[in-house]
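Asks: Need a 3D model of the sequence below.
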Amino acid sequence: MSLDSKKRKLEEKDSMSRYDSDGDKSDDLVVDVSNEDPATPRVSPAHSPPENGLDKSRPVKKDAPNSPASVASSGSTPSSKTKEQHVHNDKSTTPGLNTTPGLRPILGKPPGMEALAPALRTPLSIAGSYATPFAMMGHPEMNGSLTSPGVYAGLHISPQMSAAAAAAYGRSPMAGFDPHPHMRAPGLPTSLTSISGGKPAYSFHVSADGQMQPVPFPPDALIGPGIPRHARQINTLSHGEVVCAVTISNPTRHVYTGGKGCVKIWDISQPGSKSPVSQLDCLNRDNYIRSCKLLPDGRTLIVGGEASTLTIWDLASQTPRIKAELTSSAPACYALAISPDAKVCFSCCSDGNIAVWDLHNQTAGQFQGHTDGASCIDISHDGTKLWTGGLDNTVRSWDLREGRQLQQHDFTSQIFSLGYCPTGEWLAVGMESSNVEFAYCGKWFVSTGKDNLLNAWRTPYGASIFQSKESSSVLSCDISADDKYIVTGSGDKKATVYEVIY
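Replies: This is a model prediction of the structure:
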């Protein structure tokens with residue numbers, strides 16, 4: 001190993017050290033309750049992740065098994081606390097056929113789920129290694145026939161380049177997200193640092209052979225139909241506890257906020273100060289709600305958190321009531337996803353498994369593959385593919401028709417959030433402590449984090465559209481089905497409702 005590369009590794013290690021205190025970088029997902037009681041040390045409930053904030057994030061390109069290149073690093077450094085890995089989970093960066101875990105019946109449950117099939121594990125590779133705030137993954141069929149930029153590597157920008165970019169594009173595209181300036185695309189030819197007209201280049205198209213060419217943003221990158229200009233705070237919902245989970249009903253009327261032990265329901269259809277219209281007691285008082293999801297008809301809410309049981313609530317009755325409970329062997333659920341047909345619920349378990357629940361007959365199976373807690377999840381809009389991220393530094397895709405793992409993408413950091421673009425083959429991945437949510441139109445997405453910011457970004461370029469600063473860490477977010485409202489949950493015990501201005 002060269003002296004330069006050793007120096008870069010040491011510098012990277014030093015720059016990461018600031019995350020190693022107070023549970024900011026942990027094998028467990030830790031709720032930041034630093035605002036809860038200033039006189040007491042931070043509490044880190046067992047099996048709980050550093051909730052969401054985009055200190056370092058990458059949108060990632062979803063490669064098919066034969067896709068030759070991707071913008072994300074293939075290196076992966078599992079935490080020392082990661083469980084013992086089996087041979088089929090070895091983090092080799094050599095492509096090849098690999099027996100990958102798939103859908104297994106949970107012990108004691110009716111099987112009825114297809115067993116594992118071999119799948120091609122595709123490490124992500126590109127010449128050179130550098131940190132990117134967003135590195136979108138796109139569909140391989142787009143390579144070579146792009147009508148808009150395909151695979152992008154959003155380089156971190158120096159202050160000088162940021163200023164020039166702001167002048168050229170109206171705002172700084174990625175200013176403030178440069179934790180590792182020494183890792184800026186080493187070895188890139190100087191000819192790749194600018195585009196015609198002398199404007200700075202901070203997006204690159206990666207061709208099938210791994211070559212990078214600078215790509216300017218199209219004229220509608222930051223303006224045009226469906227691209228918001230800013231967001232205006234219209235309501236504050238005082239939950240009373242750190243808000244780790246939020247969701248909005250469709251049509252937009254109710255907001256659901258999850259904190260310690262309960263979910264509160266708020267009617268935001270009328271102006272004025274807000275009080276919860278109902279409270280759903282789901283868990284023990286000291287256990288956090290980690291995710292709550294509405295079924296498409298809006299009549300059922302599924303809640304998961306720091307307990308082995310998911311609760312299914314009937315919202316159509318005069319008083320909301322529990323109509324079913326789903327219990328797994330894992331001590332906690334970190335995230336939930338619902339299939340488009342509302343027949344299946346997927347839960348990310350603290351033991352690394354993805355529980356698959358048939359909501360009709362309440363039978364279950366599970367996807368096995370992550371070697372540490374599964375932290376985040378999203379499902380394709382046709383219901384055929386699932387994407388999961390974990391504390392084992394991997395993002396995995398799963399074929400829901402065949403019940404098997406399709407791909408594994410290795411990263412150098414734990415994954416805490418991901419979002420699937422509704423209109424195309426794009427996946428945004430949040431590294432370290434982040435939350436990512438796509439607008440339903442697919443043209444933009446938001447990220448939130450411990451920097452107290454709500455950020456909106458343009459798909460797939462990663463260009464900043466707007467940002468709003470809150471008074472505490474922004475731990476959760478959701479976007480309404482009509483893309484007109486955003487709700488966030490924060491560490492200062494409240495949720496904030498925004499109106500999106502176009």
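
Asks: Mind pulling up the pLDDT for residue 208?
Replies: pLDDT recorded at residue 208 is 70.

Asks: so it, which of the three states?
Replies: Secondary structure for residue 208, judged by DSSP: H, G, I helix; E, B strand; the rest coil, is coil.

Asks: Burial check on it, number of neighbours?
Replies: Residues near residue 208, counting by other CB atoms under 10 Å, number 12. Bear in mind the C-beta positions are built from the backbone N, C-alpha and C, glycine included.

Asks: do the same with residue 291
Replies: 24.

Asks: residues of the helix or strand hosting it that come out buried?
Replies: Assigned by DSSP states H and E, residue 291 falls within strand 289-294. For strand 289-294, a neighbour-count test (16 or more other CB atoms under 10 Å) marks 289-294 as buried.

Asks: biggest separation within the residues you listed, which pair?
Replies: By the measure CB to CB, 290 and 294 form the most distant pair in those, at 15.7 Å.

Asks: Without its sequence neighbours, what residue ends up closest to residue 386?
Replies: In this structure, residue 386 finds its nearest non-sequential neighbour in residue 398, 4.2 Å apart by CB to CB, 6 or more residues apart in numbering.

Asks: so that neighbour touches residue 388, yeah?
Replies: Yes - between residue 398 and residue 388 there is a contact at 7.1 Å, judged by CB atoms under 8 Å.

Asks: Report the set of residues contacting both of these two.
Replies: Taking CB atoms under 8 Å, 6 or more residues apart in numbering as the criterion, residue 398 and residue 388 both touch 354, 367.

Asks: hey, what's residue 410 bridged with?
Replies: With DSSP bridges as the criterion, residue 410 is bridged to residue 394.

Asks: ignore the last one, residue 301
Replies: Beta-bridge partners for residue 301, by DSSP bridges, are residue 294, residue 313.

Asks: what's the spacing between it and residue 285?
Replies: 20 Å (CB to CB, to the nearest Å).

Asks: the more surrounded of those two?
Replies: For residue 301 versus residue 285, neighbours defined as other CB under 10 Å are more numerous around residue 301 (23 against 9).

Asks: OK, contacts around the more buried one?
Replies: Here residue 301 is in contact with 247, 256, 263, 280, 292-295, 312-313, 315, 320 (criterion: CB under 8 Å, 6+ apart).

Asks: Check residue 289 too.
Replies: Residue 289 sits in contact with 244-245, 258-263, 282-283, 303-305, where contact means CB under 8 Å, 6+ apart.

Asks: Can you tell me which of the residues you listed is nearest residue 478?
Replies: For those, the nearest to residue 478 is residue 245 (8.9 Å; CB to CB).

Asks: thinking again about what came up before, specify which member of the contacts of residue 301 is nearest to residue 455.
Replies: Proximity of these to residue 455 (CB to CB) peaks at residue 247, which lies at 19.8 Å.

Asks: Check that closest one and give its pLDDT.
Replies: At residue 247, pLDDT is 98.

Asks: Give me the residues contacting whichever strand or helix holds it.
Replies: Under the criterion of DSSP H and E, residue 247 resides in strand 245-248. Around strand 245-248, the neighbours that count as contacts under CB under 8 Å, 6+ apart are 254-258, 263, 289-294, 301, 305, 476-481, 485, 487-489, 495.

Asks: Could I get the CA-only coordinates of it as PDB?
Replies: Output in PDB follows, covering the C-alpha atoms of strand 245-248 (Å, rounded to 0.1, in the frame of the first residue of the first chain):
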ATOM      1  CA  ALA A 245     -41.700   8.000  13.000                       C
ATOM      2  CA  VAL A 246     -44.200  10.100  11.000                       C
ATOM      3  CA  THR A 247     -46.700   9.400   8.200                       C
ATOM      4  CA  ILE A 248     -49.400  11.300   6.400                       C
END
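
Asks: Parallel or antiparallel, list what pairs with that strand.
Replies: Next to strand 245-248 in the sheet, as set by DSSP bridges, lie strand 254-258 (antiparallel).

Asks: What is the helix or strand hosting residue 389 packed up against?
Replies: Using DSSP H and E, residue 389 sits within strand 385-390. Here strand 385-390 touches strand 344-349, strand 374-379, strand 394-399, strand 415-420, going by 3 or more CB pairs under 8 Å, 6 or more residues apart in numbering; DSSP states H and E.

Asks: what's the angle between it and strand 394-399?
Replies: Following axes from the mean of the first three to the mean of the last three CA atoms, to 10 degrees, one obtains 160 degrees for the angle between strand 385-390 and strand 394-399.

Asks: Strand 385-390 pairs with which strands, and in what direction?
Replies: Paired neighbours of strand 385-390 in the sheet (DSSP bridges): strand 374-379 (antiparallel), strand 394-399 (antiparallel).

Asks: Model confidence for residue 56, exactly?
Replies: pLDDT, residue 56: 38.

Asks: Residue 225 too?
Replies: Model confidence at residue 225, given as pLDDT, is 91.

Asks: now residue 327
Replies: 94.

Asks: repeat for residue 177
Replies: For residue 177, the model assigns a pLDDT of 28.

Asks: so where's the stretch 201-350 of the chain shaky on pLDDT?
Replies: For the stretch 201-350 of the chain, the stretches with pLDDT under 70 are 201-206, 210, 212-216.

Asks: Which parts of the protein are helices?
Replies: Applying DSSP state H to the chain gives helices spanning 3-16, 159-169.

Asks: Who are the contact partners of residue 238?
Replies: When contacts are counted by CB under 8 Å, 6+ apart, residue 238 is found next to 274, 493-494.

Asks: Using CSV, lay out those together with distance to residue 235.
Replies: Formatted as CSV, these follow (distance: CB to CB, whole Å):
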residue, distance to residue 235
274, 6
493, 15
494, 10
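
Asks: of those, closest to residue 448?
Replies: Proximity of the contacts of residue 238 to residue 448 was ranked by CB to CB; the top entry is residue 494 with 13.8 Å.

Asks: In contact with that closest one, which residues are there?
Replies: Residue 494 makes contact with 236-239, 243 under the criterion CB under 8 Å, 6+ apart.

Asks: separation between it and residue 259?
Replies: In terms of CB to CB, residue 494 sits 10 Å off from residue 259.

Asks: Repeat that for residue 253.
Replies: 21 Å.

Asks: Just want to know which of the two has more residues nearby.
Replies: Taking other CB under 10 Å, residue 253 and residue 259 do not tie; residue 259 has more neighbours (22 against 14).
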